[in-house]
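Asker: Predicted model and sequence follow; I will ask about them next.
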Amino acid sequence: MFRIITLEREYGCGCAAIAAALAERLGWKLWDHLLTEEIAKLAHVDCQAVEEHDEKIDSAFYRLAKVFWRGSYERSMPMLEAQAFDADCMVSMMERIAGKIAEQGNAVVVGRGAPYFLRERADTFHVFLYAPRPEKVRRLRASGISPSEAEELVDSVDRERMTFIKHYFNADWPSRFLYHLMINTAMGDEEVVATILDTKRRLEKKPGLVGSSLHRVL
């Protein structure tokens, strides 16, 4: 039986609403913004500090400075927690939280490297959501984002996610072999939720397929 569903996604494809509907339908806990809150609590920083590092890597300048700082006497000097919090710290905490989520089960987890942290678990069902560019821009514009900003975000956010996955997991994004299911959300949110639930149920009835690298592209 699957106890966890991870949702990886292209920016603008509607994953937040789909994840919320899926969690509600199952009666499971939704780990989306809750992940931001949990990381902020563990790191003793505010949610904005976490969001600034969400699925991004630190700048090349910062990483170079960090190398020098580690070898400097100045590292013994106190630092503000918000200043010390960076992408490495966030990924480390996300790994810890992923372990906690796995223990609890009954969870829908959105992004933040969850498919990679939980890839060895046979009780986890992995989904990748995508959409044609016009559909993503349409969804973003419907949320109040200007046309020019929507176009820019569709490109830049996914580039950051691609770089993040390559840097921390040495994998291409999306890593198709990870997913049981890849869905075009242009079919509509309700249809996406129904497809996820139907495929999950079908795989649970087939011994040997649960936890495999089987995926189905729609």
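Answerer: Great, that's in hand.
Asker: A strand includes V108, no?
Answerer: Yes - in this structure, V108 lies within a strand as judged by DSSP: H, G, I helix; E, B strand; the rest coil.
Asker: Mind jotting down where the helices sit in the chain?
Answerer: Assigned by DSSP state H, the helices in the chain fall at 15-26, 33-43, 47-51, 60-70, 81-84, 87-104, 114-117, 133-142, 147-169, 189-204.
Asker: So for the first one, what gets flagged as buried?
Answerer: Going back to what we said before, that points to helix 15-26. Of all the residues in helix 15-26, those buried under the rule 16 or more other Cβ atoms under 10 Å are C15, I18, A19, A20, A21, L22, A23, L26. Every C-beta, even on glycine, is put in place using the N, C-alpha and C of the backbone.
Asker: ok, back up a step: and the helices of the chain: which comes nearest I183?
Answerer: helix 189-204 (5.4 Å; Cβ to Cβ).
Asker: which one of the helices of the chain has the lowest average pLDDT?
Answerer: With a mean of 41, helix 60-70 has the lowest mean pLDDT of those.
Asker: on that earlier part again, nearest to S148 among the buried residues of helix 15-26?
Answerer: C15 (22.5 Å).
Asker: Just give the closest residue to the closest one, not the sequence neighbours.
Answerer: Excluding the flanking residues, the one nearest C15 by Cβ to Cβ, 6 or more residues apart in numbering is R9, at 3.7 Å.
Asker: To what extent is the one you found buried, counted in neighbours?
Answerer: 23 (other Cβ atoms under 10 Å).
Asker: What of E152?
Answerer: For E152, the count of nearby residues is 12 (other Cβ under 10 Å).
Asker: Check S146 too.
Answerer: S146: 10 neighbours (other Cβ under 10 Å).
Asker: ok now do the closest residue to D189 other than its chain neighbours, which residues does it touch?
Answerer: Excluding the flanking residues, the one nearest D189 by Cβ to Cβ, 6+ apart is I18, at 5.3 Å. Residues near I18 by Cβ atoms under 8 Å, 6 or more residues apart in numbering: L7, L129, T185, D189, V192, V193.
Asker: Of those, which is the nearest to R96?
Answerer: If you rank the contacts of I18 by distance to R96 using Cβ to Cβ, L7 comes first, at 20.2 Å.
Asker: what about the closest one, neighbour count?
Answerer: Residues contacting L7 under the criterion other Cβ under 10 Å number 27.
Asker: Show me the beta-bridge partners of it.
Answerer: Under DSSP bridges, the beta-bridge partners of L7 are V110, V127.
Asker: My read is that it contacts A107, right?
Answerer: No - between L7 and A107 there is no contact, the gap being 10.9 Å when judged by Cβ atoms under 8 Å.
Asker: residue closest to the middle of this protein?
Answerer: Closest residue to the average C-alpha location of the chain: G111 at 0.7 Å, with Cα atoms, centre = their mean.
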